[in-house]
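Asker: have a look at this fold, sequence not included:
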């Protein structure tokens, strides 16, 4: 396990995130309760707390994708909340139900000429 | 030309033209129109419409039978309609061809409403609503009872803001579904929301369709509960009749209502139903995209990566350029590749990172570089580490205050340096080191490493600059001073090198390396003074310093002995100086051996013998000392020398290294003897690399090209040159040396030199 995994944080974690994760874990795994785990957490934190140490670690581990999954903006979502219905909706649905535009097979329309 | 002549010529042309026309007409008349007509019908019935048209074109205009024109128009019509199902054409080409065929059909037979209708459809697909409207209208005029034609005409009028034109064609009163529905839509289009009574008056073909439109009308009056009721009814009816489009629309609008009332689970359920039933309408696309987007992210965050991928792929089917979907999908691929890498499947992970992830992402570069390192391809790894470094360089420039980026940049160059060293790329290694020194000017150890690398590559002046930089900051930097002394020595600045080493010893009197190096330099310089400029006094001073430095170093005493010989001070002076030397180790056979050697050099064999005897007695069964004694006597007493060699070998019969030393020493003295010892060494230890290369040299000296080549090839196998670029380089250099000196090997003998 790499130090990030030990501290249960992503590789893009800020120094504040690292510190927070460390303190949370050492409260959970005290030296009395789980000395081995405490040692591992302490070592992971020591490796990541200095910039140069972290840079060294970062270059030897598989990097996770930066940032997070993109999500629709609040404005985009809000724009969808309107229930307003207009003639365009009637036209769109009427066309979808009754128009020949979406069709591609018109063999039924052949006429008899012989 | 006269007027008369011009008139005559014009008449002649006219006559010729008339004759030609007559001839042509009689030739065409020979085509049997009846037979061609039969062929046309036969082709048409076999659905070979193009063949039918080609046959038709063979008949001259004047002879074409009118009875066949409806069939020809129908052939064009069918060719046009069949184009819709032709996947080999691009959509635009397909539509243009349809328009072309249908236009010909309507020209040949202008009375067929269906031909005009389809021409209208084709124009509408091409977004030419004006032409579409004209064609639909002609179709309605020719067949006023067709609801289908009327519907398309009304819709085209509304879409092109020509509602009045549509109104003119709609029959007054409740005559049909399309007539009443068309009037309903037109009233809406004109800005008036129709009443429920008006909608109730329309006979929809199916009840689910009526419920759907009632739901829509309810929403336009903002009667949300009533709308929900109608949409639910529509859903029930549509599900019963398996009418998926009505199901899709009803579910979608119900979903919208639940979205507004923040009932997420019902919203999700309805949107899923809409999507599953094929709702794909440009107007509602933002909803569908939003739904897939949110569901995709939800799935990804709970590690349902496959499900998430399906949502983002669906988004891209709806909107191929959707940035959010593209980036999220790339991220999913990134995570999938990481999972593979974590299980050790670096090759597959590498393929995904390279093929499916964002090319500009520095973390992708990073993982690709890491994968190439794991796959032991340092050169390709470095291409990507270089890109990582470039990325961080940009970040360092744009964020000068963020020291983390600088740290990353440093480590990137450290990786590059390590890989360049591993792949034996010294010049790149130097560049990486120079970059590291620029990034960390205060790191003197790193600069020293740069200087040492430059020294390894014989770049004395560059190395000197780096050393001066270090010594400017730390004048007493011992390691820098030691390297500087070496650089000075290699630059033929021996006095300066001696001065530098004296400084090292003034700072660290017990520095063994400095003492040895200084001893060598003092000896070299003193000999130069003695034999070059004959500066006896200065040479003597240097020999004194040498003896002061290492009282047991023979070179100083030997130097003084040489001065005495040079100055013809007589044998006593020489004896005195050697006596002083013997006092430093009277029981040391090496001391006696050195003295014996010196006496031999000065042709004082009798005195030499005394010390040889003493050394031999002290050496006992020490094979190495016996070997040295043999070497000492080699040029002076071959019989004695051989005796010592034999004794030495007697005490060390199976020591490959011992035979090698003896053989190696013999190479330039007696190649035949050297061959004997080296071969013996290799019989004991077949993988002795130095013995093998020396044997190659021996064979080259003996003119046996084949054996020399065999031994060099074997040496390359032992050295594993494919995996050891440094050794490959050394052996290639040796090969060149053999090649140049002995003109033995061909130029292309080793063509895999790095």
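Answerer: Happy to help now that I have it. These numbers come from a predicted model, not from an experiment. Numbering: from 1, shown residues only, chains lettered A, B, ... in the order given.
Asker: whichever residue of the stretch 651-754 of chain B sits closest to chain A: how many residues sit nearby?
Answerer: Nearest residue of the stretch 651-754 of chain B to chain A (Cβ to the nearest Cβ) works out as residue B:723 at 22.7 Å. C-betas here are computed from N, CA, C, even on glycine. When counting by other Cβ atoms under 10 Å in any protein chain shown, one arrives at 9 neighbours for residue B:723.
Asker: which secondary structure state does it sit in?
Answerer: Assigned with DSSP: H, G, I helix; E, B strand; the rest coil, residue B:723 falls in the coil class.
Asker: contacting residues around the residue most central in space within chain A?
Answerer: By Cα atoms, centre = their mean, the mean C-alpha position of chain A lies nearest to residue A:69, the distance being 2.8 Å. Contacts for residue A:69 (Cβ atoms under 8 Å, 6 or more residues apart in numbering or on different chains) come out as B:296-297, B:300-301, B:328, B:331.
Asker: which one (most neighbours) among those residues?
Answerer: Scoring these on neighbours with other Cβ under 10 Å, the highest-scoring entry is residue B:296 at 28 neighbours.
Asker: quick one: buried residues of the host helix or strand of that residue?
Answerer: Assigned by DSSP states H and E, residue B:296 falls within helix B:285-301. Within helix B:285-301, the residues that qualify as buried by neighbour count (16 or more other Cβ atoms under 10 Å in any protein chain shown) are B:286-300.
Asker: same check on stretch B:37-45?
Answerer: Of the residues in stretch B:37-45, B:37, B:39-41, B:43-44 count as buried by neighbour count, 16+ other Cβ under 10 Å.
Asker: contacts made by it with the rest, please.
Answerer: Around stretch B:37-45, the neighbours that count as contacts under Cβ under 8 Å, 6+ apart are A:114, B:49, B:51-52, B:55-56, B:65, B:67-68, B:71-72, B:74-75.
Asker: swap in 6 Å and give it another go.
Answerer: Taking Cβ atoms under 6 Å, 6 or more residues apart in numbering or on different chains as the criterion, the residues outside stretch B:37-45 that touch it are B:51-52, B:55-56, B:65, B:68, B:71, B:75.
Asker: and that stretch, what's its mean pLDDT?
Answerer: Stretch B:37-45 comes out with an average pLDDT of 91.
Asker: circling back: for residue B:312, see how far away the residue nearest to the centre of chain A is.
Answerer: Residue A:69 sits at a distance of 9 Å from residue B:312 (criterion: Cβ to Cβ, to the nearest Å).
Asker: can you list residues touching both of these two?
Answerer: Counting by Cβ under 6 Å, 6+ apart, the residues touching both residue A:69 and residue B:312 are residue B:328.
Asker: count the residues that sit near the nearest residue to residue B:193 once chain neighbours are set aside.
Answerer: Taking Cβ to Cβ, 6 or more residues apart in numbering or on different chains, and ignoring the residues beside it in sequence, residue B:193 has residue B:220 as its nearest neighbour in space, at 5.6 Å. When neighbours are defined as other Cβ under 10 Å, residue B:220 has 19 of them.
Asker: hmm, residue B:220 is touching residue A:86, no?
Answerer: No. Residue B:220 is not in contact with residue A:86 according to Cβ atoms under 6 Å; the separation is 7.3 Å.
Asker: returning to that earlier point: ok, which pair from the contacts of stretch B:37-45 is furthest apart?
Answerer: Using Cβ to Cβ, those reach their maximum pairwise distance at B:51 and B:65, which is 17.5 Å.
Asker: thinking again about what came up before, closest one of the contacts of stretch B:37-45 to residue B:562?
Answerer: Of all those, residue B:51 has the smallest distance to residue B:562: 113.7 Å, by Cβ to Cβ.
Asker: for the spatially closest residue to the closest one that is not a sequence neighbour, helix, strand, or coil?
Answerer: Once flanking residues are discounted, residue B:51 sits nearest to residue B:43: 4.0 Å by Cβ to Cβ, 6+ apart. In the three-state summary, residue B:43 is assigned as helix, counting by three-state DSSP.
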